[in-house]
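# Need the 3D shape of this:
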Amino acid sequence: MDEIQSFDYSVVDDKTAQFLQLKEQEMQSIVLNSSIQLGEKLIEAQEKLAKFKTGTFEKWFTSIGMKKQTVYNYINQAQFVHQMDEYKQIEMFQELPTTLRTEISKPSAIPEAVDLVLAGDIKDTKEYRELEKQLKQKQQQISNLSETITEMGQKEPKVVERPVPVEKLPDDYQQLKQSARQAEEISKENQLLKNEQADLKRKIEETNEALRLKNKIENDEIEQMQLKRLQREADINVHQLIISINEFVKEQAVTAYDSAAIAGAPQETKEKLLAALERNEKLIKEIKQEIGGNVSWIIE
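Predicted coordinates for the structure are as follows:
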């Protein structure tokens, strides 16, 4: 059957093209709905006439001017739509070309190909038939392979008896055997030497680690002794400083005579005395800071 040629909408203006495309969709919907309705009526008649002898249904639809192929196309499309449970698939089916709807609604249609049409991957009948042809060829190949495997499984395995060749031992077989035994013994000895070497290396590393730990302990003890010595020397120095401060204060204590002497001293002498007192105050302040942990005093 020749394919229907598509209409070239470019021969008319855009407004007319839109109008014609709308009418085409409306007519396709009418045809589809009527086809499905016709199919439903034919199914009802077929079921009603099933209890009569074979051929009664065909005689009936032939008498009203319908061809067998057309009747079963209507029936197949109605049954196909009734199997759909998604409205989106029904809409997709309604938008398909008439020939493509007829092809995918056949009971012999391959489900994989039908799914691709309803998914929108196949757009026309030519493409669908090519895909169906490829799928049928693939199914035939699988069927042939399955039959071959079944036949192979049913056949009894054929036992082929062949003489086993006995190889002649070489003349130097015993010598080679002795050499192989010696090589094996040498290999074992080498392995023992490697194990001893690894054990010796491990012991050396353990000894070095023990010496390192011992030296560390000794160094820590020396540092502790040095710290104690420095603390003792610092304690002695502090006591000497206390004694010096006490002696200084005792010697420089201001008596009534000294107060009179200071009061009567020239201004320049007073300024020198004041400067000396400020240095002593600074020294005392810095000593107090050291007692608190801040070592920063310097006598200027």
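# what's the burial count for residue 102?
Other residues lying near residue 102 total 21 when counted by other CB atoms under 10 Å. All C-beta spots, glycine's among them, are computed from the backbone N, C-alpha and C.
# Numbering from 689 from now on, please.
Okay, residue one is now 689; in that scheme the one you just asked about reads as residue 790.
# For the nearest residue to it once chain neighbours are set aside, give its distance to residue 791.
Counting by CB to CB, 6 or more residues apart in numbering, the nearest residue to residue 790 once its immediate chain neighbours are dropped is residue 761, at 5.1 Å. Distance from residue 761 to residue 791, counting by CB to CB, to the nearest Å: 10 Å.
# and if you look at residue 803?
If you go by CB to CB, the gap between residue 803 and residue 791 works out to 14 Å.
# Who has more neighbours out of those two?
Legend: neighbour count by other CB under 10 Å for residue 803 and residue 791, higher for residue 791 (21 against 13).
# does that one really touch residue 797, like I thought?
Yes - under the criterion of CB atoms under 8 Å, residue 791 lies in contact with residue 797, with a separation of 6.6 Å.
# Now the common contact residues for those two.
Common neighbours of residue 791 and residue 797, using CB atoms under 8 Å, 6 or more residues apart in numbering, are residue 820.
# picking up where we left off before, how many residues are close by the residue nearest to residue 790?
21.
# Give me the pLDDT value at it.
Per-residue pLDDT puts residue 761 at 91.
# wait, isn't it in contact with residue 792?
No - using CB under 8 Å, residue 761 is not in contact with residue 792; the gap is 11.5 Å.
# From the contact counts, what lies against the host helix or strand of residue 735?
If you go by DSSP states H and E, residue 735 is part of helix 702-737. Counting by 3 or more CB pairs under 8 Å, 6 or more residues apart in numbering; DSSP states H and E, the packing neighbours recorded for helix 702-737 are helix 744-751, helix 756-771, helix 775-783, helix 786-792.
# how much space between residue 777 and residue 805?
If you measure residue 777 against residue 805 using CB to CB, the figure is 10 Å.
# Please read the previous query as pertaining to residue 975.
Using CB to CB, residue 975 is found at 103 Å from residue 805.
# I'm done for today, thanks for sticking with me.
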